[in-house]
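*Asks:* build me a model from this:
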Amino acid sequence: MKHLSRTLIAAGMIALTACSAQADAPPKELKANLAKKIGQPVDSVSETPIKGLYEVVLNKRQIVYSDAKGEFVVVGDMVNVATKKSLTEARMAELNKADFSKLPLADAIKEVRGNGSRKLVVFSDPDCPFCKRLETDSLAGIENITIYTFLMPLAGLHPDAARKSELIWCSENPQKAWREFMHNGNLPTGGKTKCDNPIARSVKLGESLGINGTPALIFADGQIVSGAIPKDAIEKILATQK
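*Replies:* Below you'll find the predicted structure:
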């Protein structure tokens, strides 16, 4: 599948009108046929608004589209012309949701603001400039929230991030040390430089959730959002959470 070209369906714009396109149930044998032809497991096959075109989920997070016989596979976004929204992107957001209740929050730096009623998880790298922007700009002033920060140093981009993450975690007050470094650039001194820490576990956790860059935010409903999104965008999503 990795050799498939990044071809947009009908140049990326398919009109999904209820009158002209009717979905139908995928043939029972399509899933098995595709798995055999592609050479990897197929998680699911489901109908789309386009008759004869089916959504195929691979590796839990990759979406492609197939005809009824599994003879052709199309890679790209299915876009509703009327709304200008990508159905593929919306479906990917559903597939990429995390189970918030199963996240090992004890492995995260915890910060409680106000009554702490709203919940937010952040995967962050101390040497990531966008993570600093998230901390100093986007998260500044957000109240009545509990923020759980998983340290996820990206060794390939920031060779010293793992050391800094460990210094912060092993300090007497990790939350204070994290804030001091992200806001002022000061690492803790005089404390432990080594300790039992969850940083390697946090990196693996992030990877298992499909997170390959920082910062990444996980909201209480499991929605994963990448990047240092603006404060008002964070507030807007938090307002929809239970």
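
*Asks:* do you have the strands of the chain handy? List them.
*Replies:* Secondary structure of the chain, counting by DSSP state E: strands at 42-47, 54-58, 62-66, 73-74, 79-80, 85-86, 109-113, 118-124, 145-151, 216-219, 224-226.

*Asks:* buried residues in the last one?
*Replies:* I take that to be strand 224-226. 224, 226 (16 or more other CB atoms under 10 Å). In short, each C-beta sits where N, CA and C put it, glycine included.

*Asks:* contacts for that strand?
*Replies:* Outside strand 224-226, the residues within contact range by CB atoms under 8 Å, 6 or more residues apart in numbering are 93, 96-98, 209-211, 213, 215-219, 237.

*Asks:* wait, which of the strands of the chain is closest to residue 202?
*Replies:* Smallest distance to residue 202 across those (CB to CB): 4.3 Å, for strand 145-151.

*Asks:* and which of the contacts of strand 224-226 is nearest to residue 189?
*Replies:* The closest of those, once distances to residue 189 are taken by CB to CB, is residue 215, at 25.7 Å.

*Asks:* run a quick neighbour tally on that closest one.
*Replies:* Residues within reach of residue 215, counting by other CB atoms under 10 Å, total 25.

*Asks:* orientation of the least confident helix or strand in the chain by mean pLDDT relative to strand 42-47 in degrees?
*Replies:* Counting by mean pLDDT, DSSP states H and E, the chain has its least confident helix or strand at helix 87-95, which shows a mean of 86. Counting by axes from the mean of the first three to the mean of the last three CA atoms, to 10 degrees, helix 87-95 lies at 130 degrees to strand 42-47.

*Asks:* surely residue 64 is in contact with residue 72?
*Replies:* No: in this structure, residue 64 is not within contact of residue 72 by CB atoms under 8 Å, at 10.2 Å.

*Asks:* where does the protein dip in pLDDT?
*Replies:* 1-25, 242 (pLDDT under 70).

*Asks:* residue with max distance from the center of it?
*Replies:* residue 190 (36.2 Å; CA atoms, centre = their mean).

*Asks:* perfect, that will be all.
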